[in-house]
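Q: give me coordinates for this.
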Amino acid sequence: MRSPPPSLGPLDEDERRRLDAGEHEALARELAASDRHGLAGWVREQIWDFAGALADYRRAGRLVDALRMALESGSAPELDGLLAELPAADDELFDAAVALLRARRRDMEVARLLASRNASPEDRAAALLRAGNRLGAAQALAE
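A: As a prediction, this is how the structure comes out:
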């Protein structure tokens, strides 16, 4: 069995045993009830409960993990909500979100985030070009 990232904290021996036994849903509920939402999200992610993982990651304040789950689940409203929150995030979190979106080739979302932080017109135009929006790229450069 995979282990959760160290930033989420460890699972104890009993919790690992329960995962090995396939008790993911029950364990995720218990972790969330004990305010260990990051780990609950990770457990739900293992069984492809992306909507549940997204909710837990949001509660844990792990916006990049929540963004990843919004992309996996295909939830446009959740994705839009996270994209609206990210401009207020600290630089490290914002940059991690942009890197995730670039890795997933979500260039329109990258351009949206860059515009929210008044990034250089060249950076915004490059993202828009990668997304196939030539007119938007030209408009960004004209600013």
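Q: which residues are contacting the worst-scoring helix or strand of the chain on mean pLDDT?
A: One helix or strand of the chain scores below all others by mean pLDDT, DSSP states H and E: helix 121-130, with a mean of 84. Here helix 121-130 makes contact (CB atoms under 8 Å, 6 or more residues apart in numbering) with 105, 107-108, 110-111, 114-115, 134, 136-138, 140-143. (Glycine included, C-beta is placed from N, CA and C.)
Q: buried ones in it?
A: Pro121, Asp123, Arg124, Ala125, Ala126, Ala127, Leu128, Leu129, Arg130 (16 or more other CB atoms under 10 Å).
Q: what is the nearest of those residues to Pro5?
A: Ala127 (27.9 Å; CB to CB).
Q: number of residues surrounding the closest residue in space to Arg59 that isn't next to it in sequence?
A: Distances taken as CB to CB, 6 or more residues apart in numbering put His37 closest to Arg59, at 4.1 Å, once the chain neighbours are dropped. Applying other CB atoms under 10 Å, we find 22 residues neighbouring His37.
Q: which residues sit against the host helix or strand of Trp42?
A: For Trp42, the element it lies in under DSSP states H and E is helix 37-46. With contacts defined as CB under 8 Å, 6+ apart, helix 37-46 is touched by 2, 4-5, 7-9, 11, 19, 24-25, 27-29, 31-32, 50, 52-57, 59-60, 62, 65-66, 69.
Q: and what of stretch 71-81?
A: Phe50, Ala51, Leu54, Ala66, Leu67, Met69, Ala70, Leu100, Arg104, Arg106, Glu109.
Q: brilliant, that's me finished.
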